[in-house]
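K.L.:
predicted model and sequence below, questions to follow.
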Protein chains: 4
Amino acid sequence: MYQMPAEMRACIEDCLRCHSTCLGMAMTHCLEQGGKHVEPQHFRLMLACAEMCQTAANFMLIGTPHHRTTCGACAQICEDCAKSCEAVGGMQECVEACRRCAESCRRMAA
Amino acid sequence: MYQMPAEMRACIEDCLRCHSTCLGMAMTHCLEQGGKHVEPQHFRLMLACAEMCQTAANFMLIGTPHHRTTCGACAQICEDCAKSCEAVGGMQECVEACRRCAESCRRMAA
Amino acid sequence: MYQMPAEMRACIEDCLRCHSTCLGMAMTHCLEQGGKHVEPQHFRLMLACAEMCQTAANFMLIGTPHHRTTCGACAQICEDCAKSCEAVGGMQECVEACRRCAESCRRMAA
Amino acid sequence: MYQMPAEMRACIEDCLRCHSTCLGMAMTHCLEQGGKHVEPQHFRLMLACAEMCQTAANFMLIGTPHHRTTCGACAQICEDCAKSCEAVGGMQECVEACRRCAESCRRMAA
């Protein structure tokens, strides 16, 4: 059976968790709360972050060295999404998933 | 914070694990082994299964009642992928992830 | 070069157009209009429809016979999304893309 | 109805065409030809390119300014995929779709 470095396996987990948290919270918490939670700039960033995390995970699973590029992009977007969630407030679960994923992706991109 | 039924949360986990296992094994183990591992019918099923699992998970995260439709489709495809992996041999990790995801999705589709 | 039946090629085009229209309109028109446009049931259906169209297209591109299953699911979801867009109003572009994709997918699923 | 700049609309089209061409050719032409067509490095790049094009298109549809980041990553990966397809040979359709998408994405990233 194939072996993947433990650090990469952990990064995939962090990306999938951040994807699930951002998509799940956007589509339940944010849509149901309304107001600043569905302000276009914030809401778009939540969905873009979910999409980028999914792609970063898929690149690592595909096994291409271009995962450095996608992990680098993912780290930036997660960092911005964490800031937007902090500004909106009441989204600590999302802030933490984004920060953890950003940190993990930065290491993989290095 | 939003609450999702425990059974749905577990099904999302099973879908994401099956997605990662199918995509990861297709792109490393299968491509590297070659031969029957890259026989088109088997290889296409591996990638289709990975894609369907991702979509089934996303439907549950989106929170739409149409997740029943996608979980039903996912259960069928995972079942077929498990059989194809058994026939090829040496892919027990994938067989188990597919069977577990099929069972979980069947419950969500019911 | 590989040859794909003309009807399948047309169905892929219809799926991609419906995906782009639903995702694009949800994230610009709906988010900016607010009100009933971001009512959770409608908005979730728009994103679920976009996701299903993408997956139905990908199954045809992958070349697996399971595209019948995903095209069947896609036809159902597009039909429901068309109805939801008609009920909300002012979304004729989306209604038409969904109806056309549903018709195309029904033929591929048969 | 929302208005998107013509150049962005064209870039989305180029990304979707490149996605379809890379995924479609990998899963039919490459898998059926075998040999160097399923050499891991080439095959992984084909699938990674398809995934990145899909995500770059989705970012533009989502309407987030982070599309610059994903278009920049997409341009790099398409350029490398074009080179790999040229080296393998007999994949002119894919080379052209990748080059066109790379050029389009570079303009959007600027």
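P.N.:
Received, thanks. Numbering: from 1, shown residues only, chains lettered A, B, ... in the order given.

K.L.:
contacts and neighbour counts: CA atoms only from here.
P.N.:
Noted.

K.L.:
what ranges does chain A have for its strands?
P.N.:
For chain A, applying DSSP state E gives no strands.

K.L.:
do any residues in the helix or strand of chain A with the lowest mean pLDDT lie close to chain C?
P.N.:
Using mean pLDDT, DSSP states H and E, helix A:31-33 stands out as the lowest-scoring helix or strand of chain A, at a mean of 95. Yes. Among the residues of helix A:31-33, A:31, A:32 lie within reach of chain C under CA under 8 Å from any CA of the partner chain.

K.L.:
quick one: low-confidence parts of chain A?
P.N.:
Applying pLDDT under 70 to chain A flags residues A:1-2.

K.L.:
which positions in it make contact with chain D?
P.N.:
Taking CA under 8 Å from any CA as the contact definition, chain A meets chain D at A:41, A:44-45, A:47-48, A:51-52, A:55, A:59, A:62-64, A:66, A:69-70, A:73, A:77.

K.L.:
out of those, which touch chain B?
P.N.:
Among these, the residues within reach of chain B (CA under 8 Å from any CA) are A:62, A:63.

K.L.:
what's the burial count for residue A:3?
P.N.:
The tally of other residues near residue A:3 (other CA atoms under 10 Å in any protein chain shown) stands at 8.

K.L.:
so how far is chain D from it?
P.N.:
Residue A:3 is 16 Å from chain D, where distance means CA to the nearest CA, to the nearest Å.

K.L.:
same question, residue A:104
P.N.:
Shown here: residue A:104 relative to chain D, a distance of 19 Å by CA to the nearest CA.

K.L.:
now do residue A:29
P.N.:
For residue A:29, the distance to chain D - CA to the nearest CA - is 19 Å.

K.L.:
with residue A:23 instead?
P.N.:
Residue A:23 is 13 Å from chain D, where distance means CA to the nearest CA.

K.L.:
I'd say that residue and residue B:62 touch.
P.N.:
Yes. Using CA atoms under 8 Å, residue A:23 is in contact with residue B:62, at 6.7 Å.

K.L.:
what are the ranges of the helices in chain A?
P.N.:
Applying DSSP state H to chain A gives helices spanning A:6-25, A:31-33, A:40-62, A:67-88, A:92-109.

K.L.:
list the buried residues for the second one?
P.N.:
To tie it back to what came earlier, the one meant is helix A:31-33. Buried residues in helix A:31-33, counted by 16 or more other CA atoms under 10 Å in any protein chain shown: A:31, A:32.

K.L.:
which residues are in contact with that helix?
P.N.:
With contacts defined as CA atoms under 8 Å, 6 or more residues apart in numbering or on different chains, helix A:31-33 is touched by A:37, A:38, C:38, C:39, C:40.

K.L.:
make it 7 Å
P.N.:
A:38, C:40 (CA atoms under 7 Å, 6 or more residues apart in numbering or on different chains).

K.L.:
one more: stretch A:46-63?
P.N.:
The contact list for stretch A:46-63, computed with CA under 7 Å, 6+ apart, reads A:12, A:15-16, A:18-19, A:22-23, A:26, A:67, A:70-71, A:74, A:77-78, A:81, B:20, B:23-24, B:27-28, D:44, D:48, D:51, D:55, D:59.

K.L.:
one step back: pick the most buried one from the helices of chain A.
P.N.:
helix A:40-62 (a mean of 25; mean count of other CA atoms under 10 Å in any protein chain shown).

K.L.:
how far does that helix sit from the chain's center?
P.N.:
Its chain's C-alpha centre and that of helix A:40-62 lie 6 Å apart, by CA atoms, centre = their mean, to the nearest Å.
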